[in-house]
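Enquirer: Below are the sequence and a predicted model; questions follow.
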Amino acid sequence: MPTTQLPKQICSRPFGKDELSIVREIIDDGQKEGIHRSEVARRVCVALEWRNARGGLKEVGARVALLRLHRQGWITLPEPRQPIGSGTAYKERLARAPVPEPPPSDLCCPLMALGCIHLRQVANKAESLLWNALIDRYHYLGYSPLSGAQIRYLIDSERGLVGAIGFGAAACTLQARDRWIGWDRQQRERRREWVLNNRRFLILPWIRVKNLASHILAKAARRIPLDFQARYGYAPVLLETFVEQDRFSGGCYRAANWINVGPTTGRGRNDRTSQRMRKRHGAPLPIKQVWLYPLRRDARRILCGESSFIGEAA
């Protein structure tokens, strides 16, 4: 039996009982052919027109969404050919993965002493395992698969690995962001894929180098449009992230010229708590500050459909 309500939107497209029936039919037909989960996702994208701004299939987002529906009990996917990225077996694999261990003393030096900082795009299974293991071991939120179209980097210096950073699908609804952009619901549904969320940012805890974090963010902002276009066929125009206000100040984002547009409401996408109950019992999630970084000067006009844009990096 399903454990949650059926989502109203998947891959920026409306989703309901009719779409669910199509997904189930594709899975049933595929069982006769013995197709795997990736092929199910591809066929669902074709059938439901889950496409990005350049017409490409949203296969990465579809795989994540279908897995979520599977775990919630709405569908039954074929057995995976490889361990699922967030399952118990994979968590154990992450715990065993070789990652840098804390040295006897912290690395404290000027930024220039690290030499050239290089963002190495995750491009193979070994790099993917290392990125996931670093986040699982040293990031306070731990590892969970990034949703939707995504891009991940390992951060190298001339003195070795210094961290990891990753970007995935933007939040479905975010009042502070939507207000800053000027989005209504229809505009958000059409253009949300042109926004990327900085889901994870890690500098290894023993590296204490002033201005390193803002330097990395600036490099990432320059790299992402080109790398994302090369991978997915279009370039995002806005970056977003959340910073827990009781845990961090967000100073590195401010120093990298990100814009603080206000706090979240303390609700997750699966939170159904009423306004009255939240006022009585408090927000169920930590309040976070929303930070944005436009990758183009005309980002807001593009996102509101007021500027011609073909999805290419500036």
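Expert: Now that the structure is in, tell me what you want to look at. Numbers count the residues shown, from 1 in each chain.

Enquirer: where do the helices sit along the stretch 151-300 of the chain?
Expert: 175-181, 185-191, 212-232, 251-255, 275-281, 299-303 (DSSP state H, counting those that start in this stretch).

Enquirer: Show me what counts as buried in the fourth one.
Expert: Along helix 251-255, these residues count as buried under the neighbour rule (16 or more other C-beta atoms under 10 Å): 252-253. Every C-beta, even on glycine, is put in place using the N, C-alpha and C of the backbone.

Enquirer: The last one too?
Expert: Buried residues in helix 299-303, counted by 16+ other C-beta under 10 Å: 299-303.

Enquirer: thinking again about what came up before, ok, which of the helices of the stretch 151-300 of the chain comes nearest G56?
Expert: With C-beta to C-beta as the criterion, G56 lies closest to helix 212-232 of the helices of the stretch 151-300 of the chain, at 6.4 Å.

Enquirer: Convert the C-alpha atoms of the closest one to PDB, please.
Expert: Provided in PDB are the C-alpha atoms of helix 212-232 (Å, rounded to 0.1, in the frame of the first residue of the first chain):
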ATOM      1  CA  LEU A 212      38.900  29.100   0.100                       C
ATOM      2  CA  ALA A 213      35.100  28.500   0.200                       C
ATOM      3  CA  SER A 214      34.200  31.700  -1.600                       C
ATOM      4  CA  HIS A 215      37.000  31.000  -4.100                       C
ATOM      5  CA  ILE A 216      35.600  27.600  -4.900                       C
ATOM      6  CA  LEU A 217      32.000  29.000  -5.300                       C
ATOM      7  CA  ALA A 218      33.300  31.500  -7.800                       C
ATOM      8  CA  LYS A 219      35.000  28.800  -9.800                       C
ATOM      9  CA  ALA A 220      31.900  26.700  -9.800                       C
ATOM     10  CA  ALA A 221      29.800  29.500 -11.000                       C
ATOM     11  CA  ARG A 222      32.100  29.900 -14.000                       C
ATOM     12  CA  ARG A 223      32.300  26.200 -14.800                       C
ATOM     13  CA  ILE A 224      28.700  25.100 -14.400                       C
ATOM     14  CA  PRO A 225      27.100  26.700 -17.400                       C
ATOM     15  CA  LEU A 226      29.600  25.200 -19.800                       C
ATOM     16  CA  ASP A 227      29.800  21.800 -18.100                       C
ATOM     17  CA  PHE A 228      26.100  21.500 -17.700                       C
ATOM     18  CA  GLN A 229      25.400  22.400 -21.300                       C
ATOM     19  CA  ALA A 230      28.000  19.800 -22.500                       C
ATOM     20  CA  ARG A 231      26.300  17.100 -20.500                       C
ATOM     21  CA  TYR A 232      22.600  18.000 -20.800                       C
END
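
Enquirer: Domain-wise, how is this structure divided?
Expert: Listed by automatic domain parsing, the domain ranges of the chain are 9-72, 90-303.

Enquirer: Which positions are bridged to R51 in the beta structure?
Expert: Here R51 sits in beta bridges with L57, going by DSSP bridges.

Enquirer: what residues are up against it?
Expert: 45, 57-58 (C-beta atoms under 8 Å, 6 or more residues apart in numbering).

Enquirer: just the buried members of those?
Expert: 45, 57-58.

Enquirer: related to what we said a few turns ago, return the member of the contacts of R51 nearest to R223.
Expert: Lowest distance from R223 to the contacts of R51 (C-beta to C-beta) belongs to K58, with 22.1 Å.
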